[in-house]
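Trainee: For reference, the sequence and a predicted model appear below.
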Amino acid sequence: MELARNLRNDPVMRLEPSSPRMVDRASTVAEAVALMRREHIGCVLVSENGTLAGIFTERDLMGRVLAVGKSLETPINDVMTPQPETVNPRDSVRAAVRRMKSGGHRHLPVVDDDNRPVGMVSAKRIVRYLVEHYPAAVYCQPPDPTAHPASAEGA
């Protein structure tokens, strides 16, 4: 199969990782959230002297800050996920998918050999990659006029 071969052979850079958005380890949660809102992103990388120290995600905000009543002035270092799972630009797409699946991650930092962030791979980028392999199956499906939802959507 072409997809299976491509998953093994295509490097992570084929996914066109987004540029890494970073805050320093000394930053506050408020600064990280402001960057996330401004850039419309779900996570930021936390750096120390240019290398990856951790990741701060929407899940971290909800579970480690808001749910426990911590202040937005809390240092990001106290609530980030330290030493997150990463991929190298030369790793295969398959390796990235496996790491995301095994850890339940929606984002993976892409780091060079010196642990400096060079990008971010998201589940959206993985889906886009898969759609490229099956465009007709994804884009050309006619709606089923006989299908009706079991219950009304919305509030």
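Mentor: Done, it's in.

Trainee: The residue positioned nearest the centre of the chain bridge partners, please.
Mentor: Nearest to the geometric centre of the chain sits His107, at 1.8 Å (Cα atoms, centre = their mean). When assigned by DSSP bridges, His107 has beta-bridge partners Ser122.

Trainee: what mean pLDDT would you report for stretch 30-50?
Mentor: For stretch 30-50, the mean per-residue pLDDT is 97.

Trainee: Quote the end-to-end distance of that stretch.
Mentor: End-to-end distance for stretch 30-50, by Cα to Cα, to the nearest Å: 21 Å.

Trainee: List the buried residues for stretch 91-109?
Mentor: For stretch 91-109, the neighbour count (16 or more other Cβ atoms under 10 Å) marks 91-93, 95-97, 99-100, 105-109 as buried. The way it works is simple: take the backbone N, C-alpha and C, and place the C-beta from them, glycine included.

Trainee: could you pull out the strands for this protein?
Mentor: Under the criterion DSSP state E, the chain carries strands at the ranges 22-24, 43-48, 51-57, 81-82, 107-111, 117-122.

Trainee: what's the offset of stretch 114-121 from the middle of its chain?
Mentor: Its chain's average C-alpha position is 12 Å from that of stretch 114-121, according to Cα atoms, centre = their mean, to the nearest Å.

Trainee: so how far is Val44 from Leu3?
Mentor: Distance check for Leu3 against Val44: by Cβ to Cβ, to the nearest Å, it reads 32 Å.

Trainee: meant to ask about Val33
Mentor: Separation of Val33 from Val44 (Cβ to Cβ) stands at 9 Å.

Trainee: out of the two, which sits in the more crowded spot?
Mentor: Using other Cβ atoms under 10 Å as the criterion, Val33 and Val44 rank with Val44 on top: 27 against 18.

Trainee: My read is that the more buried one contacts Met22, right?
Mentor: Yes. Val44 lies in contact with Met22 (Cβ atoms under 8 Å); the separation is 6.3 Å.

Trainee: which residues of this protein score low on pLDDT?
Mentor: Along the chain, the model assigns pLDDT under 70 to residues 1, 135-143, 145, 148-149, 153-155.

Trainee: Repeat the analysis, applying 80 as the threshold.
Mentor: The chain contains residues with pLDDT under 80 at 1, 134-155.
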